[in-house]
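*Asks:* got a structure for you, letters missing:
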């Protein structure tokens, strides 16, 4: 089962622009994580934000979490061609470890 | 940081045969591991929760007799795709959760995935 939706499904931007991806989920969570996946490869963990946190930064990444709206956003600033990948949010429910993935956003950054 | 490995990284098998995929937590013990399947251009779908010393818990729609899961130790879970067919061709990813010394769970760590092609 999938937790929820991500939008947009696909995003194409120019290098240097910012990219914003949104994620919605359905249940109560312990934390929400964002992952990157290059085509045909494994997952790369980007950032984890706990349910009691509202915003987190890591380099060019900024993640927000709104538990009242059950939504999160990932902002990549000053994007680079190397950021081209699929990005997934994943939520860990309050029952334990179970981690459910969103549908993903395919980002294409044009050089 | 915690590392999870999978073996093999890719496998090609003939229709009707069985394939075993291993998932190992290399530097921590995991009482619970998870198996996911990912079809091309789709997201990861949770297949089952692998519990050390007990039966796996399968998600709705996943055939437990087709996807056999054995969590034999605190560092190893195996997924066996029995009587594989071309529609089972997919990217299979496992994950394992670490815990702090207090017992509080930390996040999941994902293996690099196994690409299965059934001809």
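*Replies:* All right, it came through fine. In this text, all values refer to a predicted model and were calculated from it rather than measured experimentally.

*Asks:* ok, residue B:83 - contacts?
*Replies:* Residue B:83 sits next to B:16, B:17, B:18, B:66 when contact means Cβ atoms under 8 Å, 6 or more residues apart in numbering or on different chains. In this view, the C-beta of every residue, glycine as well, is placed from N, C-alpha and C.

*Asks:* Looking at strand pairing, list the partners for residue A:107.
*Replies:* Counting by DSSP bridges, residue A:107 is bridged to residue A:11, residue A:85.

*Asks:* That one touches residue A:21, doesn't it?
*Replies:* Yes - with contact defined as Cβ atoms under 8 Å, residue A:107 counts as touching residue A:21 (7.2 Å).

*Asks:* Which one of the two is surrounded by more residues?
*Replies:* Counted by other Cβ atoms under 10 Å in any protein chain shown, residue A:107 and residue A:21 do not tie: residue A:21 has more neighbours, with 24 against 21.

*Asks:* Check which element follows the helix or strand residue A:32 falls within along the chain.
*Replies:* Take DSSP states H and E as the rule and residue A:32 turns out to sit in strand A:29-37. Next helix or strand after strand A:29-37 toward the C-terminus (DSSP H and E): strand A:43-50.

*Asks:* Now find how far off-centre whatever helix or strand comes next after that next one is within its chain.
*Replies:* Toward the C-terminal end, the helix or strand that comes next after strand A:43-50 (DSSP H and E) is strand A:55-58. Strand A:55-58 sits 12 Å away from the centroid of its parent chain (Cα atoms, centre = their mean, to the nearest Å).

*Asks:* just checking, what packs against strand A:55-58?
*Replies:* Contacts defined by 3 or more Cβ pairs under 8 Å, 6 or more residues apart in numbering or on different chains; DSSP states H and E place strand A:55-58 against strand A:43-50, strand A:61-66.
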